[in-house]
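1. Any chance you could fold what I've pasted below:
(2 chains)
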Amino acid sequence: MAIRTRFAPSPTGYMHIGNLRTALYAYLVAKKDKDGKFLLRIEDTDQGRLVEGATDIIYQTLKDCNLKHDEGPDVGGDYGPYVQSERVNEGIYHDYAVKLIKRGGAHYCFCDQELVDTQRELQEARGESFKFDDPCKKISLEEAEKRVANGENYVVRLTVPESGTTYFDDEVYGRITVDNETLDESILIKSDGFPTYNFANVIDDHLMGITDVVRGNEYLSSSAKYNLIYNAFEWDIPRYIHCPPVMKDEHNKLSKRNGDASFQDLQDKGYLPEAILNYIALLGWAPEEDREIYSLEELTQAFNVKRIGTSGAIFDIEKLTWLNGMYLRAMDLDSYYNLVEPYIIDAIKGNFDKKAIAKIVQQRANTLIEIPGMLGFFDEFKDFDIELYNNKKMKTNPEVALKALEAAKPILESINDYSEENLHNELLKLPEALEMKNGQVLFPIRLAITGEQFTPGGAIEIASILGKEETLARLNKSIEALKNA
RNA sequence: GGCGCGUUGGUGAAGUGGUUCAACACACUGCCCUCUCAAGGCAGCAUUCACGGGUUCGAACCCCGUACGCGUCACCA
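-> Numbers count the residues shown, from 1 in each chain, chains lettered A, B, ... in the order given. Presented below is the predicted three-dimensional model:
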């Protein structure tokens, strides 16, 4: 049987990294099987928490990440609708709730919130842990149905056996067994007629033929309850794959609430979706091979549920930054230029060869957003401290700099075509003639025409981009400054 | 508090009884290369696998406790 997995987010805001990783793993589990299907289901049963536009963010994120779903609200499929509120309207949950009740797996409950609260207070005052003891369990089905028919307010609660144990097998955490008496008789259908997650996820996963349930490990403690439902219906239980949390630090999960990085935030900061995906794949999962850079396709080959870890992994932006740099550097120049052109245009008003600038920046920037900051000297040539000519490693000081600069000046004046090749050929004759090291002449030139201690690219590359006129103007200015010092 | 789960370096992690008493990667430090920076190359960085017992000829890997952490106990998912 082909594998079917689902990503089932609630449209309650931005897509955070932990969520995205769950989506990724669900995708990978499905796509590892060549006939596997990955579906998207929108879980909007909590009408109070809906956030406008959140669904679009989900679509957009999956699209940006190239996590294509085979079925979903926007692409259709044979198991729709894929939005839970629409399924409510079709009466799906209601019908199954009635069936469950008839099978003894659930019951009507007419208690009001007050009774629940009173019980809670009482039990907690006694130092016990709270577990709702529902008097409505004693009501006969006939009577309950009559009360429902009379329009009385009700919810449907799970009926949990009073003794015994329930277990489930998780692919990553192994077999987990819990005592039934610790299980809560959770609400399955709310008084507004909407199902809770506890019910909807089971019904929908079954109806949609989900074979592998991939979700965060916060569901570990409630999964046994879901098996009670599957068992009551005599349905096949899916494989469970619970993932360890993605942490912000050792104590806190990454969450949008704390303003932690969402996928969009990361994108805005200049990280590539491919790099983000690659990085988060590594949080909680380790490949068999000794390598870390994987495209999405390679990930689907390499992925193996058995190698998902069990303990939380801290999100380390430093490593993501490194990985992002690897992706950026590996791109061909044309694609790279396409990507960074807006950033360069944004940073440089002057008429310089943007592509040449992209080229020198490509080997140095780890994120897109740091690019403009590297380029300020193109537009603005500022006076700088001649102390900068003192460089121990380059064996330079203002005196040797002046000597090098004055010797370079006629050469730079004589060249008309400022191609890198020309500049290189001519300029490199200088060190030998002056009996200096390459760095002793090229370092001062670079400084003299940029005014910056550090720049992307060396003297030759930058002179070529600046062009003859600008290069000479800056050179002369710097020579003057040096003479007057 | 009950229940569940977890604990290898600053971080991600490999490793599941003896040729690895701890791979690889990020970060960090140093060196090399080099026209700066970056990239790249090399080296260093856990005498130790939360702690305490036990099993065993032998344990990070098996068992039992303890501690700490996280999750859950909603008409949220």
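2. alpha carbons only for contacts and neighbour counts from here, please
-> Fine.
3. Look at A:Thr61 and tell me its secondary structure.
-> helix (DSSP: H, G, I helix; E, B strand; the rest coil).
4. so who does it touch?
-> With contact taken as CA atoms under 8 Å, 6 or more residues apart in numbering, A:Thr61 is in contact with A:Met15, A:Phe263, A:Gln264.
5. can you tell me how far it sits from A:Thr118?
-> With distances defined as CA to CA, to the nearest Å, the gap from A:Thr61 to A:Thr118 amounts to 44 Å.
6. what's the answer for A:Asn476, then?
-> Going from A:Asn476 to A:Thr118 by CA to CA gives 86 Å.
7. the more surrounded of these two?
-> Neighbour totals were compared for A:Asn476 and A:Thr118, and A:Asn476 leads with 17 against 12 (other CA atoms under 10 Å).
8. what about the more buried one, which helix or strand?
-> Using DSSP states H and E, A:Asn476 sits within helix A:459-484.
9. Columns secondary structure on top of the contacts of A:Thr61, output as CSV?
-> CSV is the format used below for the contacts of A:Thr61 (three-state DSSP):
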residue, secondary structure
A:Met15, coil
A:Phe263, helix
A:Gln264, helix
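10. Looking at the residues you listed, which has the smallest pLDDT value?
-> The pLDDT minimum for these sits at A:Met15, where the score is 91.
11. how close does that one sit to A:Asp56?
-> When CA to CA is the yardstick, A:Met15 and A:Asp56 sit 10 Å from each other.
12. Between the two, which is the more surrounded one?
-> The residue with the greater number of neighbours, taking A:Met15 and A:Asp56 and applying other CA under 10 Å, is A:Met15; the counts read 25 against 12.
13. just checking, that one touches A:Phe263?
-> Yes: the pair A:Met15 and A:Phe263 qualifies as a contact (CA atoms under 8 Å) at a distance of 6.2 Å.
14. Residue numbers of the stretch 1-150 of chain A in contact with RNA strand B?
-> If contacts are counted using CA under 7 Å from any atom of the strand, the residues of the stretch 1-150 of chain A sitting beside RNA strand B are A:8-10, A:43-46, A:49, A:111-113, A:127-131.
15. In strands, which of these fall?
-> Among those, none falls in strands (DSSP state E).
16. List only buried entries from the residues you listed.
-> The neighbour-count criterion (16 or more other CA atoms under 10 Å) marks A:Ala8, A:Pro9, A:Ser10, A:Glu43, A:Asp44, A:Thr45, A:Asp46, A:Phe130, A:Lys131 among these as buried.
17. Quick check: which of the residues you listed has the minimum pLDDT.
-> When those are compared on pLDDT, A:Phe130 comes out least confident, at 81.
18. Mind listing what's buried along the host helix or strand of A:Leu328?
-> In this assignment (DSSP H and E), A:Leu328 forms part of helix A:317-330. Using 16+ other CA under 10 Å as the burial criterion, the residues of helix A:317-330 that qualify are A:Leu320, A:Thr321, A:Trp322, A:Leu323, A:Asn324, A:Gly325, A:Met326, A:Tyr327, A:Leu328, A:Arg329.
19. what's the next secondary structure element after that helix?
-> Along the chain past helix A:317-330, the next helix or strand (assigned with DSSP H and E) turns out to be helix A:333-347.
20. quick one: contacts of that following helix?
-> For helix A:333-347, using CA under 8 Å, 6+ apart, the contacting residues are A:328, A:354-355, A:357-359, A:362, A:368-369, A:371-373, A:375-376.
21. Just the buried positions in stretch A:179-193, please.
-> Residues of stretch A:179-193 classed as buried by neighbour count (16+ other CA under 10 Å): A:Asn180, A:Leu183, A:Asp184, A:Glu185, A:Ser186, A:Ile187, A:Leu188, A:Ile189, A:Lys190, A:Gly193.
22. Keep only those of those residues that are in helices.
-> Judged by DSSP state H, the subset of the buried residues of stretch A:179-193 located in helices is empty.
23. quick check, distance from the helix or strand encompassing A:Gln123 to the centre of its chain.
-> A:Gln123 is located in helix A:113-125, with elements delineated by DSSP H and E. The chain centroid and the centroid of helix A:113-125 are separated by 41 Å under CA atoms, centre = their mean, to the nearest Å.
24. What residues sit buried inside it?
-> Neighbour-count burial for helix A:113-125 flags A:Gln119, A:Arg120 (criterion: 16+ other CA under 10 Å).
25. which outside residues touch that helix?
-> A:Ser129, A:Phe130, A:Lys131, A:Phe132, A:Asp133.
26. RNA strand B: which of those is nearest?
-> Top of the list for closeness to RNA strand B, among these and by CA to the nearest atom of the strand, is A:Ser129 at 4.2 Å.
27. and the closest one, what does it touch?
-> A:Gln123.
28. how near is it to A:Pro161?
-> If you measure A:Ser129 against A:Pro161 using CA to CA, the figure is 18 Å.
29. Can you give the contact residues for the helix or strand that comes right after the helix holding A:Gln123?
-> Downstream of helix A:113-125, the first helix or strand assigned by DSSP H and E is helix A:141-149. Applying CA under 8 Å, 6+ apart, the external contacts of helix A:141-149 come out as A:Tyr108, A:Tyr154.
30. at 10 Å instead, please
-> Outside helix A:141-149, the residues that touch it by CA atoms under 10 Å, 6 or more residues apart in numbering are A:98, A:101-102, A:104, A:107-110, A:136-140, A:150-155.
31. So what's the model's average confidence on stretch A:91-103?
-> Along stretch A:91-103, the predicted local confidence has a mean pLDDT of 97.
32. Of all the residues in it, which ones are buried?
-> Residues of stretch A:91-103 classed as buried under the neighbour-count rule (16+ other CA under 10 Å) are A:Ile92, A:Tyr93, A:His94, A:Ala97, A:Val98, A:Leu100, A:Ile101.
33. Can you list the helices and strands that the helix or strand that contains the third one packs against?
-> In this case it means A:His94. Counting by DSSP H and E, the element that carries A:His94 is helix A:92-102. Based on contacts counted as 3 or more CA pairs under 10 Å, 6 or more residues apart in numbering; DSSP states H and E, the elements that helix A:92-102 packs against are helix A:84-89, strand A:106-109, helix A:141-149, strand A:155-158, strand A:187-189, helix A:197-207, helix A:223-233.
34. Give me every residue in the stretch 351-485 of chain A lying close to RNA strand B.
-> Listed as neighbours of RNA strand B in the stretch 351-485 of chain A under the rule CA under 7 Å from any atom of the strand: A:363-365, A:393-394, A:424, A:438-439, A:442-443, A:446, A:453-461.
35. Surely A:Gln267 touches A:Leu277?
-> No: checked against CA atoms under 10 Å, the pair A:Gln267 and A:Leu277 is beyond contact range at 11.4 Å.
36. What separation do you get for A:Phe352 and A:Ser464?
-> The span separating A:Phe352 from A:Ser464 equals 10 Å under the rule CA to CA.
37. Pick out whichever of these two has more residues nearby.
-> A count of neighbours by other CA under 10 Å puts A:Ser464 above the other of A:Phe352 and A:Ser464, at 21 against 15.
38. In space, what's closest to that one - neighbours in sequence excluded?
-> The spatially closest residue to A:Ser464, leaving aside those adjacent along the chain, is A:Tyr418, at 5.1 Å (CA to CA, 6 or more residues apart in numbering).
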